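# following is a predicted model, sequence given first.
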Amino acid sequence: MGLIPYKNEVYLDWSEDKNVESMRAALKDVGSRLGRSYPAIIGSKRVETNGEIVSVNPANPSQVVGRTASATEREANMALDTATGAFEHWSRTSPEARARILLRASAIMKRRRFELLAWEAYEGGKPWAEADAQVAEAIDFLEYYAREMLRLGDGVEIYSIPGEESRYTYQPMGVGVIIAPWNFPTAILTGMSSAAIVAGNTIIMKPSEFTPVIGAVVAEIFEEAGLPEGVLNFLPGYGSEVGDYLVEDARTRFISFTGSMKTGLRINELAARQIENQRWVKRVIAEMGGKDAMVIDESADLDSAAADIVKSAYGYSGQKCSAASRAILHADVYDEVLDKVVEKAKDLKIGDPESADVNVGPVISEPQFEKVAGYVDVGKQEGERVLGEDPGDPQSGYFISPTIFEVERDATVAREEIFGPVLSVIKASDFDEALRVANDSPYGLTGGVYSKNRDHLERARREFKAGNVYFNRSITGALVGVQPFGGFGMSGTDSKAGGPDYLPLHMLARTVVERF
Ligand code: NAD
């Protein structure tokens, strides 16, 4: 196929009036469509369920964004049957034809970009630039995985011995269950689903119960792109109600999960159990939480370091698995960096992401608000709060102001994933100690070092225990094809989404040898 080389989608420039106007128009248009109902999509059927998920705007919880089906075992069973049936045909469709569907979905997303951003603002509580980066990432996943499938379509080179031909190719696996989180409801859902589909598998796509309407929009885009019926079965539902059933079923071949450590470990455990009629070892691709650290040494450019700590800690209210939630500062520069971080964080504008100038929106849900508020209480007892206020009434929006605690390294707030705008600042007496503190976590997703000292950077290059390590820059916003993403330790199976090793996780490798 004659495709232009892959490159990342360019972000929208918000200093251009036409972009601001298009976003306002999209907010108005999507705003007039709030409150609609979205059924499950199983094969050719729109399926209603007895229960429903009511999705609300986290900046204004009395506003219903939409109502979706809430799947039970009955619909999960239908979806598994349908996906199993559709696998026969889809697995024999050529890699080129499969890739073209992704390219068409990408083109649709580009055309519907502002609409997608508006859904992100209403349902995800995302400020405009954050929403845009995420929709650009979804487009990148589609473009990148389409090209990856073309690269792998005929297999890869291996050696043969004299008189024989050895071939090494990839084939689809079967039915995949795609279980997504709410924090990148367009990008991660699109990325996990498109990789599984382009590899020739059929899927059950389960979005998070907090962002099911965006899930419905993504499913609709794949349908519009011409994906045959039954290849993608859209199954909104509560993880606690359908999750175990989908994972345990003998028809499930693999599970692609992104979410919390607790859920990921449960899925891993259930998937490992052999049940009646099961004919394979289920594969689990799991990307989980983080407690990501940025180390600032005494040689660093302190202004840039402070700016990037603020960016990494408070982008999307700290609700990124890659977010900086620990800043480990060398004692010589501790006070100066902390002052700069506090000053810069004070400039952030908190509010409803419907407005163009908001940097920090709400957290996603009432349970998340209560959880983060609980950690704020704990942090106040464990250390000194140098920035932030007590959270207000959640009924007027799930807002939590950027918060900073000065704490010891073993404080609860410095160890557990909070997933909100809360940063723990820790003092280290030298670089050795700083790196030791950074690595002293069961997680290992992202990490960063700010330094002009070559020895420090080279040591961190070897020893920083994280799947994605960044020097002298922010630690969030991994670019597809440029910064393949995935964590060590309890952060997951290191699947490296957006990288060259990702698609083979969704396929079986076959070796065929012929002697002549
Ligand atoms: P979560 O674990 O609560 O939910 C994730 C998904 O799992 C949802 O769709 C949920 O419905 C489903 N689920 C819940 N119980 C289930 C069960 N028993 N069986 C099957 N599915 C079940 O996580 P969340 O709150 O949606 O997302 C936030 C978490 O995701 C954070 O820990 C964050 O660090 C992590 N995350 C990781 C990455 C990464 O790439 N490593 C990216 C984004 C988010």
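Okay, I see it. Residues are numbered from 1 along each chain as shown.
# which regions of this structure sit below the pLDDT cut-off?
Residues of the chain meeting the criterion pLDDT under 70: none.
# can you give the domain ranges for it?
Domain ranges of the chain: 18-288+495-515, 292-480, per automatic domain parsing.
# of all these, which lies closest to the ligand?
Among these, the nearest to the ligand by Cβ to the nearest ligand atom is domain 18-288+495-515 (2.1 Å). The way it works is simple: take the backbone N, C-alpha and C, and place the C-beta from them, glycine included.
# figure out how far the closest one is from the centre of its chain.
The chain centroid and the centroid of domain 18-288+495-515 are separated by 12 Å under Cα atoms, centre = their mean, to the nearest Å.
# for Tyr6, find the nearest of the domains of the chain.
For those, the distance to Tyr6 is smallest for domain 18-288+495-515, at 5.3 Å, taking Cβ to Cβ.
# close to the ligand, is the closest one?
Yes. Looking at domain 18-288+495-515 against the ligand by Cβ under 6 Å from any ligand atom, the contacts come from 179-184, 188, 206, 208-209, 239-240, 243-244, 247, 258-260, 263, 266-267, 287-288.
# how long is that domain from one end to the other?
64 Å (Cα to Cα, to the nearest Å).
# make a ChimeraX selection of whichever of the residues of domain 18-288+495-515 next to the ligand turn out to be buried.
The buried residues among the residues of domain 18-288+495-515 next to the ligand can be selected in ChimeraX (16 or more other Cβ atoms under 10 Å) with this line:
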select :179,180,181,182,183,184,188,206,208,209,239,243,247,258,259,260,263,266,267,287,288
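# after the lengthiest helix in the chain comes which helix or strand?
Secondary structure of the chain per DSSP state H: the longest helix is helix 128-152. Per DSSP states H and E, the first helix or strand lying C-terminal to helix 128-152 is strand 164-172.
# tell me the buried residues in stretch 410-423?
Applying 16+ other Cβ under 10 Å to stretch 410-423 flags Ala411, Val413, Ala414, Arg415, Glu417, Ile418, Phe419, Gly420, Pro421, Val422, Leu423 as buried.
# next one: stretch 203-221
Going by neighbour count (16+ other Cβ under 10 Å), the buried part of stretch 203-221 is 203-219, 221.
# same question, stretch 369-382
Buried residues in stretch 369-382, defined by neighbour count with 16+ other Cβ under 10 Å: Phe369, Val372, Ala373, Tyr375, Val376, Val378, Gly379, Glu382.
# what about Arg92, how many residues nearby?
Close neighbours of Arg92, defined as other Cβ atoms under 10 Å, add up to 9.
# then the one 10 residues further on?
For Leu102, the number of neighbouring residues by other Cβ under 10 Å comes to 27.
# which SS class is it?
helix (DSSP: H, G, I helix; E, B strand; the rest coil).
# what do you get for the one 3 residues further on?
Here Ala105 is helix, with the state taken from three-state DSSP.
# hang on, the earlier thing: in helices, which of the buried residues of stretch 203-221 fall?
With helices taken from DSSP H, the overlap with the buried residues of stretch 203-221 comprises Pro212, Val213, Ile214, Gly215, Ala216, Val217, Val218, Ala219, Ile221.
# identify, from those residues, the entry nearest to Asp297.
When these are ranked by distance to Asp297 (Cβ to Cβ), Ile214 comes first, at 40.5 Å.
# which ones are touching that closest one?
Ile214 sits next to Leu116, Trp119, Glu120, Glu123, Gly124, Pro185, Thr186, Leu189, Pro207 when contact means Cβ atoms under 8 Å, 6 or more residues apart in numbering.
# hmm, 6 Å instead?
Contacts for Ile214 (Cβ atoms under 6 Å, 6 or more residues apart in numbering) come out as Trp119, Glu123, Pro185, Thr186.
# number of nearby residues for the closest residue to it other than its chain neighbours?
In space, Ile214 comes closest to Pro185 once its chain neighbours are excluded; the distance is 4.1 Å by Cβ to Cβ, 6 or more residues apart in numbering. Pro185 has 29 neighbouring residues, counting by other Cβ under 10 Å.
# near the ligand too, which of the buried residues of stretch 410-423?
Among those, the ligand is touched by Glu417, Phe419 when using Cβ under 6 Å from any ligand atom.
# got the buried residues of stretch 410-423 as JSON lines, with secondary structure columns?
JSON lines is the format used below for these (three-state DSSP):
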{"residue": "Ala411", "secondary structure": "coil"}
{"residue": "Val413", "secondary structure": "helix"}
{"residue": "Ala414", "secondary structure": "helix"}
{"residue": "Arg415", "secondary structure": "helix"}
{"residue": "Glu417", "secondary structure": "coil"}
{"residue": "Ile418", "secondary structure": "coil"}
{"residue": "Phe419", "secondary structure": "coil"}
{"residue": "Gly420", "secondary structure": "coil"}
{"residue": "Pro421", "secondary structure": "coil"}
{"residue": "Val422", "secondary structure": "strand"}
{"residue": "Leu423", "secondary structure": "strand"}
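# make JSON lines out of the buried residues of stretch 410-423 and add distance to Asn60.
JSON lines is the format used below for those (distance: Cβ to Cβ, whole Å):
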{"residue": "Ala411", "distance to Asn60": "34"}
{"residue": "Val413", "distance to Asn60": "29"}
{"residue": "Ala414", "distance to Asn60": "33"}
{"residue": "Arg415", "distance to Asn60": "34"}
{"residue": "Glu417", "distance to Asn60": "27"}
{"residue": "Ile418", "distance to Asn60": "24"}
{"residue": "Phe419", "distance to Asn60": "21"}
{"residue": "Gly420", "distance to Asn60": "19"}
{"residue": "Pro421", "distance to Asn60": "19"}
{"residue": "Val422", "distance to Asn60": "23"}
{"residue": "Leu423", "distance to Asn60": "26"}
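# quick one: which of the buried residues of stretch 410-423 is nearest Ile309?
Distances from Ile309 to the buried residues of stretch 410-423, taken by Cβ to Cβ, are shortest for Leu423, at 7.3 Å.
# from Lys496, how far out is the nearest residue to that closest one once chain neighbours are set aside?
Spatial nearest neighbour of Leu423, excluding adjacent residues (Cβ to Cβ, 6+ apart): Ala313 at 4.4 Å. For Ala313, the distance to Lys496 equals 24 Å [Cβ to Cβ, to the nearest Å].
# who's more crowded, those two?
Ala313 (30 against 20).
# which outside residues touch the helix or strand hosting that one?
Under the criterion of DSSP H and E, Ala313 resides in helix 302-314. With contact meaning Cβ under 6 Å, 6+ apart, helix 302-314 is reached by 294, 296, 324, 327, 333, 336-337, 340-341, 344-345, 348, 360, 402, 421, 423, 450, 474-476.
# which of the residues you listed fall within strands?
Met294, Ile296, Ala324, Ala327, Leu423, Tyr450 (DSSP state E).
# farthest-separated two in these?
Within these, Leu423 and Tyr450 form the most distant pair, 14.9 Å apart (Cβ to Cβ).
# in this structure Tyr245 contacts Glu73, no?
Yes. Using Cβ atoms under 6 Å, Tyr245 makes contact with Glu73 at a distance of 5.0 Å.
# who has more neighbours out of those two?
Between Tyr245 and Glu73, counted using other Cβ under 10 Å, the more crowded position is Tyr245 (19 against 14).
# how about the more buried one, secondary structure?
helix.
# list the contacts for it?
Glu73, Ala76.
# what of Ser474?
Contacts of Ser474 by Cβ under 6 Å, 6+ apart are Asp308, Lys311, Ser312.
# what about the second one, how many neighbours?
Right, Lys311. When counting by other Cβ under 10 Å, one arrives at 19 neighbours for Lys311.
# please apply the same query to the first one.
Look at Asp308: counted by other Cβ under 10 Å, it has 24 neighbours.
# what does the last one give?
Ser312: 26 surrounding residues under other Cβ under 10 Å.
# relative to Gly481, how far out is it?
21 Å.
# and for the first one?
With distances defined as Cβ to Cβ, the gap from Asp308 to Gly481 amounts to 22 Å.
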